[in-house]
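Trainee: Need a 3D model of the following:
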Amino acid sequence: MSNKSATLQLCIDEKCLILQLFYMDDIPESLKSFLLNPKFTYVGIEVADDILKLKNEYGLDCSSSSDIRAVAKNHWPGRFRRPGLKDLALEVCGLNMMKPKHVSMSNWEARELNNAQVEYACIDAYASYKIGHKLLIELSAN
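Mentor: Residues are numbered from 1 along each chain as shown. I've put the predicted structure just below:
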């Protein structure tokens, strides 16, 4: 298995897009311009590392990003040590994520992802979106 990023997981509201970058011959210009759109903030845990990998491996860049772990720790000092996505989903949004090890450790470089992998990727993207929305939009408005 390579160390190259295999998938790109995006979510807005309740719509998720899972792209298998690993098998794309060319990256569409529409995806490049979407990622560079300043109206969107890309969120995740240590998302800057993911964005750097996307830039180095596929020439993709993002306009704006936010590390949801860092934002949560700033918002609630002392509440978290080093929470993962599953912890933040439960604490920030009340989402109880099922993250089976056999799926997370499966072959993400497979040409065709199985249903469990697609569901897992969508749940991850959705949880990141919900946490980011709560921290960056809802709580910052108060």
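Trainee: any low-confidence regions in this protein?
Mentor: Low-confidence segments of the chain (pLDDT under 70): 1-2, 142.
Trainee: which residue ranges form the helices in it?
Mentor: 29-35, 47-58, 68-75, 85-88, 101-104, 115-133, 139-141 (DSSP state H).
Trainee: For the fourth one, what is the distance to the chain centroid?
Mentor: A distance of 12 Å separates the centroid of the chain from that of helix 85-88, by Cα atoms, centre = their mean, to the nearest Å.
Trainee: cool, the longest one as well?
Mentor: A distance of 7 Å separates the centroid of the chain from that of helix 115-133, by Cα atoms, centre = their mean.
Trainee: Going by contacts, tell me the helices and strands next to it.
Mentor: strand 7-12, strand 15-20, strand 42-44, helix 68-75, helix 85-88, helix 101-104 (3 or more Cβ pairs under 8 Å, 6 or more residues apart in numbering; DSSP states H and E). C-beta: built from backbone N, CA, C; applies to glycine.
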